[in-house]
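Enquirer: Model the structure of this input:
(one chain, ligands or ions: 1)
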Amino acid sequence: MTKLKDISRKKSAELFEKAKNFFPGGVNSPVRAFKSVYGTPLFIERGDKARIWDADGNEFIDYCCSWGPLILGHNNDEVREAVAGQLSKGLSFGAPTRLENELAELILNRNKFIEKIRFVSSGTEAVMSAIRLARGYTRRDKIVKFEGCYHGHSDSLLVKAGSGLVTFGETSSAGVPQAFAQETIVVSLNDREAIQEVFTAFPEQIAAVIIEGVPANNGLLIQDHEYIHFLREITKKHGALLIFDEVITGFRLGFEGAARHYNVQPDIITYGKIIGGGMPVGAYGASKELMSHISPDGNVYQAGTLSGNPVAMAAGIAALNILSRAGFYEKQEEKTRSFVEALRAYIRAKGYEVQIFTIGSIFWFAFTSQLHIKRADEIDPQSMEKYKVMHRALLNQGIYFGPSGYEVGFISDAHSESDLEVTLQAIKVALDVVFN
Ligand code: PMP
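Expert: Sure, this is the predicted structure:
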């Protein structure tokens, strides 16, 4: 059996002990606590290109990429200079700036799926606001979401499936009123009948169906094009809106995200992560008509002190300018494809029971023999034990993956061929550790 020496986590462990005095669980967002993997969380000191360094001086090639925003890697020159340029001019005004126009123009000129946009400060806020717009516009209260899709932590969306095929949801967090859960219906992905039943059971009550562009928060649950087109048709037929939550897929699967990938026109699209170049930003967009319902034009209220924050806008403009360059996405996809293919060849040769699902520059390891996983309940929770072993073996070789087997990995423009080659060899070793 391959033995790998554990990296030192002494300083990270000390910092984590201290952090526990300040923050619940020692963290400011739960998954950072490393509860699903081995050991104490690593406290990161700095990042450059594809690499990060922790408090103990360990160096890693990073595939978490801040959970997706860093499609250009860490410390990108153009993004850093744009941010630095703005810093001396002011951090926040609570008044409009030219930068908001610039970022909006950059997006709207190249994205035919939305006509107007509103900037907010996080993905959660973007989705929460999109849901309110859908409810305000349709004058209906119920929404439909899918088991296995994550849309941030607003009340309406912290809901999981009830016991029946089509039942009201149950809250998935204490503190979410049951009355809220009553307005959210949770169904399985890739199940046409369930959606049909929802519309039959709640006629003229569904404001919107919301789905992640490509569900990527609970494994990578790649849906068939036909199913997404079906969702478009059935929502239209029943006067409900279709919301694409593209917080991950927006500007990742291409400048126009999943909407372009499927060639489906959703009614509202939410964005986050990449749109801010690593700064806190979210956004939602729709047709001019729909967006006219947002305050101050319309009666759907939504606001934010830091919305359209100039530093975040400057970062977003710099990042999106780079993404607009010819061939940017093709390059990321090609790199990802050959990386995944090389791994698959090794897995096949060894006969290991593991699949790599991939789309664009996103990938996900699933310890299963199933060739397709389209629904959350098709993932075996027991398989996460194997991920835990792989995660430890990767950290010990200088490769940083997200600290949960349900999380996807991201490849950035900063990942060089040699970074990927080093990673490939490390993953082979890690898989040998898992299976031997
Ligand atoms: N929607 C999706 C699809 C997400 O992946 C996330 C975050 N992972 C969110 C919404 C929430 O975004 P944030 O964490 O910025 O609030």
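
Enquirer: so L424 sits right up against S338, yeah?
Expert: No. At 9.7 Å, L424 does not count as touching S338 under the criterion of CB atoms under 8 Å. Glycine gets a C-beta too; all of them are placed from N, C-alpha and C.

Enquirer: Name the residue in those two with the higher neighbour count.
Expert: Set L424 next to S338 and count neighbours by other CB atoms under 10 Å: L424 wins out with 16 against 13.

Enquirer: what's the helix or strand for the closest residue in space to the more buried one that isn't next to it in sequence?
Expert: Nearest residue to L424 in three dimensions, chain neighbours excluded: A342, at 5.5 Å (CB to CB, 6 or more residues apart in numbering). Assigned by DSSP states H and E, A342 falls within helix 328-350.

Enquirer: tilt between the next helix or strand after that helix and helix 328-350?
Expert: Counting by DSSP H and E, the element after helix 328-350 in chain order, helix or strand, is strand 355-359. Here strand 355-359 points in a direction 170 degrees away from that of helix 328-350 (axes from the mean of the first three to the mean of the last three CA atoms, to 10 degrees).

Enquirer: Adjacent strands (with direction) for the least confident helix or strand in the chain by mean pLDDT?
Expert: Between all helices and strands in the chain, the lowest mean by mean pLDDT, DSSP states H and E belongs to strand 170-171, at a mean of 88. Strand pairing for strand 170-171, using DSSP bridges, gives strand 159-160 (antiparallel).

Enquirer: Just the element for the nearest residue to H153 once chain neighbours are set aside, please.
Expert: Ranked by CB to CB, 6+ apart and with sequence neighbours excluded, the top spatial neighbour of H153 is T124, at 5.5 Å. Assigned by DSSP H and E, T124 belongs to helix 123-138.

Enquirer: Wondering if that helix reaches the ligand at all.
Expert: Yes. For helix 123-138, a contact with the ligand is found by CB under 6 Å from any ligand atom, at G123, T124, V127.

Enquirer: what about the closest residue to H261 other than its chain neighbours, is that helix, strand or coil?
Expert: Spatially, and ignoring its direct neighbours in sequence, H261 is nearest to L253 (5.1 Å; CB to CB, 6+ apart). Classification of L253 using DSSP: H, G, I helix; E, B strand; the rest coil returns coil.

Enquirer: Would you mind measuring from L253 to A259?
Expert: Separation of L253 from A259 (CB to CB, to the nearest Å): 9 Å.

Enquirer: which residues do those two both contact?
Expert: G213 (CB atoms under 8 Å, 6 or more residues apart in numbering).

Enquirer: OK, contacts around S324?
Expert: Contacts of S324 (CB under 8 Å, 6+ apart): L106, R110, F255.

Enquirer: Using TSV, please lay out these together with distance to V209 and neighbour count.
Expert: Output for the contacts of S324, formatted as TSV (distance: CB to CB, whole Å; neighbours: other CB atoms under 10 Å):
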residue	distance to V209	neighbour count
L106	29	18
R110	26	12
F255	24	18
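
Enquirer: and which of the residues you listed is nearest the ligand?
Expert: Set against the ligand, the nearest of the contacts of S324 by CB to the nearest ligand atom is F255 (17.6 Å).

Enquirer: Find the nearest non-adjacent residue to the closest one, please.
Expert: R110 (5.2 Å).

Enquirer: give the contact list for that neighbour.
Expert: Here R110 is in contact with F255, E256, S324 (CB under 8 Å, 6+ apart).

Enquirer: Report the beta-bridge partner residues of F60.
Expert: I52.

Enquirer: neighbours around it, how many?
Expert: 22.

Enquirer: ok now do P203, which residues does it touch?
Expert: H238.

Enquirer: Can you give me the pLDDT of it?
Expert: P203 carries a pLDDT score of 96 in this model.

Enquirer: how far away is it from the ligand?
Expert: Distance of P203 to the ligand, computed by CB to the nearest ligand atom, to the nearest Å: 29 Å.

Enquirer: Is that residue located within a strand, as I assumed?
Expert: No. Counting by three-state DSSP, P203 is not part of a strand but coil.

Enquirer: From here on, call the first residue 41.
Expert: Okay, residue one is now 41; in that scheme the one you just asked about reads as P243.

Enquirer: From E447, how far out is the residue positioned nearest the centre of the chain?
Expert: The centroid of the chain falls nearest to I288 when counting by CA atoms, centre = their mean (3.3 Å). Distance of I288 to E447, computed by CB to CB: 11 Å.

Enquirer: joint contacts of the two?
Expert: By CB under 8 Å, 6+ apart, the residues touching both I288 and E447 are N257.

Enquirer: Was I right to think A122 contacts A355?
Expert: Yes. Using CB under 8 Å, A122 makes contact with A355 at a distance of 6.1 Å.

Enquirer: What is the neighbour count of whatever residue of the stretch 141-290 of the chain ends up closest to the ligand?
Expert: The stretch 141-290 of the chain approaches the ligand most closely through G163 (2.2 Å), counting by CB to the nearest ligand atom. Using other CB under 10 Å, G163 is surrounded by 31 other residues.
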